[in-house]
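1. 3D, please:
(4 chains)
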Protein chains: 2
Amino acid sequence: MVPPSRRQDTAGRARADTRARILHAAQAVFMERGFASSSLRTITARARVNLAAVNYHFGSKEALIREVFERHLAPLNRARIAYLDRLEAEANGRALAPERIIEAMVAPALQVSRDPVKGGAVFLCLLGRAFSEPAQYMRAFLPAQYRDVVVRFKRALMRALPQIPEQDLVWRMHFMFGAMSYAMAGNDALQLIATCPVDGADDAEAVIRRLVPFLTAGLQGSAAPAPLTAVPASPRRPRGSGGVVARKAA
Amino acid sequence: MVPPSRRQDTAGRARADTRARILHAAQAVFMERGFASSSLRTITARARVNLAAVNYHFGSKEALIREVFERHLAPLNRARIAYLDRLEAEANGRALAPERIIEAMVAPALQVSRDPVKGGAVFLCLLGRAFSEPAQYMRAFLPAQYRDVVVRFKRALMRALPQIPEQDLVWRMHFMFGAMSYAMAGNDALQLIATCPVDGADDAEAVIRRLVPFLTAGLQGSAAPAPLTAVPASPRRPRGSGGVVARKAA
DNA sequence: GCATCATTCAAACGACCGTTTGAATCAGGT
DNA sequence: ACCTGATTCAAACGGTCGTTTGAATGATGC
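-> Okay, here's the model as predicted:
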């Protein structure tokens, strides 16, 4: 049964936005069920288009997933680099403050979260989840999308924090990405921690305003790697676990 | 065809470790393919047990997934609380240093990563990935597993950092969990950032040694939420995006 | 009006999924 | 030797999956 409301539009209009309808529905369903558990039948039903339209317009489910990300991620990462460009132009060769660099990373993300046309908060959640996706088509796709951003921001941070060895800086950038991804993806995972109600949990701007000082402090930190004093024989081991189990390295 | 090598064992031995073989294989397959894309046929084939054994021993695929986590996560979180207990006993009522509290959080995880019997590094990776799992049986399971840990560590951190408002502290704990999960789950996502080779990427101890000062610095931070100065009209917007697209709030 | 091309549609394809079944096999108690 | 309860096994169940097919439908240029 063809939905009558769309039949009233000119057929050209209905045709033209089939791709957009699929992308919009796919983003929502992926958010609810994950990629593997989202069937094309569920997506096309929500988009009110024919099942075969996905393969016609995108070629495959994998290509659809990639497109859902690329259409918003590429502009986001371009905006980040543009932001950094502007900061460096204003600095006239002087080194940037670390928090300004982090700001160039998160402020464009904030704009995405506020603008549904740019993806909205749903897209940021999906993006945070994408980093722990084991599928290999994702593990090849994401690094390619982020390569330029990583190169530019790493260079800027090395200039801003010359006293931090490169190895330490790379690790801290890694942790920084983790906190960012988690903060954006897991707004409901926050309720895990909150034994009290948390204000602004659904306000991306509030999240980011609290995220920047956290990242800035962590990134600068004390140069010393760590004391990690009392590792010896964890107090009161929860299990004896006597038997030796054969294991291959996994 | 029954594998002859296991027929040479006493049948009792072969029977007794069917559960363990399934759990071990499931952990490995989940790591490689994710939960939804891991079929019971793949898991039982790798474990060299019959397909029906999963439903016989665990009841369902969902129950198997829960068991894979619970058997190692429950002892891990008990060890964290025990570690915190010992620190507080040693402190004799004095407030703990924040880095010691964080140490109580990550040191037991380090021990897990070093001991295959406790789950090994593979389990930590899987655990980090579990937080972004959208399936609702996971979103109910994980908070229950972490509730005691969250309550105890939140209380300890509030005592250690009384100048930080509770709302700020909850958010920073959230970011802390994010950086931890990401650091443990995404040891290969690190290669995303590394434009140069990174030492100790597969050494969980090295990871944690760098993680603690990052988290400590971020957690203490400056109390001020954020400046976030230059958000207005992101410089050089990457796309005009003229058309208005109808969107429901998602 | 007619040919052309892009798009939509219902239907089906083969493959794989989690789960169930009922018989076969085993250890242990008597 | 025989029964009993636990475990393993091959086979099948009903469903859902991504993808393909070939005909119908629409707009466009002549």
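2. the lengthiest helix in chain A near DNA strand C anywhere?
-> In chain A, assigned by DSSP state H, the helix with the most residues is helix A:61-91. No: residues of helix A:61-91 contacting DNA strand C under Cβ under 7 Å from any atom of the strand: none, with a closest distance of 12.2 Å. To be clear about C-beta, it is placed using only N, CA and C from the backbone, and glycine gets the same treatment.
3. which bits of chain A sit near DNA strand D?
-> Close to DNA strand D, as judged by Cβ under 7 Å from any atom of the strand, chain A has residues A:10-12, A:38-42, A:51-52, A:54-55, A:60-62.
4. and these, which of them are in strands?
-> Nothing among the residues of chain A next to DNA strand D maps onto strands, per DSSP state E.
5. which elements pack onto the next helix or strand after the longest helix of chain A?
-> Using DSSP states H and E, the next helix or strand after helix A:61-91 towards the C-terminus is helix A:98-114. Counting by 3 or more Cβ pairs under 8 Å, 6 or more residues apart in numbering or on different chains; DSSP states H and E, the packing neighbours recorded for helix A:98-114 are helix A:61-91, helix A:120-130, helix A:136-160, helix A:166-185, helix A:204-220.
6. any chance of these in TSV, with mean neighbour count too?
-> Formatted as TSV, the helices and strands packed on helix A:98-114 follow (neighbours: other Cβ atoms under 10 Å in any protein chain shown):
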stretch	mean neighbour count
helix A:61-91	18
helix A:120-130	23
helix A:136-160	16
helix A:166-185	24
helix A:204-220	23
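7. which one of these lies closest to B:Arg66?
-> helix A:120-130 (20.2 Å; Cβ to Cβ).
8. and the closest one, what other elements does it pack with?
-> helix A:18-33, helix A:61-91, helix A:98-114, helix A:166-185.
9. let's see it at 6 Å
-> helix A:18-33, helix A:166-185 (3 or more Cβ pairs under 6 Å, 6 or more residues apart in numbering or on different chains; DSSP states H and E).
10. with mean pLDDT added, can I get those helices in TSV?
-> Putting the helices and strands packed on helix A:120-130 into TSV (pLDDT from 0 to 100) gives the following:
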stretch	mean pLDDT
helix A:18-33	97
helix A:166-185	86
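11. before we move on, the earlier item: which secondary structure elements does the longest helix of chain A contact?
-> helix A:18-33, helix A:98-114, helix A:136-160.
12. and the last one, average pLDDT?
-> What that stands for is helix A:136-160. Averaged over helix A:136-160, pLDDT sits at 92.
13. can you list contacts of that helix?
-> A:62, A:66, A:73, A:77, A:80-81, A:84, A:95-96, A:98, A:101, A:169, B:192-193, B:195 (Cβ atoms under 6 Å, 6 or more residues apart in numbering or on different chains).
14. got the angle between it and helix A:61-91?
-> 10 degrees (axes from the mean of the first three to the mean of the last three Cα atoms, to 10 degrees).
15. compute the inter-axis angle for helix A:136-160 and helix B:18-33.
-> Using the same axes, to 10 degrees: helix A:136-160 against helix B:18-33 is 60 degrees.
16. just want the angle from helix A:136-160 to helix A:204-220.
-> Going by the same axes, to 10 degrees, helix A:136-160 makes 60 degrees with helix A:204-220.
17. try the shortest one
-> Using the same axes, to 10 degrees, one finds that helix A:18-33 and helix A:204-220 are set 70 degrees apart in direction.
18. go through helix A:18-33 and flag the buried ones.
-> A:18-19, A:21-31, A:33 (16 or more other Cβ atoms under 10 Å in any protein chain shown).
19. of the residues you listed, which ones also sit close to chain B?
-> Among the buried residues of helix A:18-33, the ones lying near chain B by Cβ under 6 Å from any Cβ of the partner chain are A:Ala28, A:Arg33.
20. near DNA strand C, from the buried residues of helix A:18-33?
-> Near DNA strand C, by the rule Cβ under 7 Å from any atom of the strand, you find A:Thr18 out of these.
21. now, which of the buried residues of helix A:18-33 sits nearest DNA strand C?
-> Closest approach between those and DNA strand C, by Cβ to the nearest atom of the strand: A:Thr18, at 3.3 Å.
22. how far away is A:Asn92 from A:Ile164?
-> According to Cβ to Cβ, to the nearest Å, A:Asn92 and A:Ile164 sit 24 Å apart.
23. kind regards, and thank you for your time.
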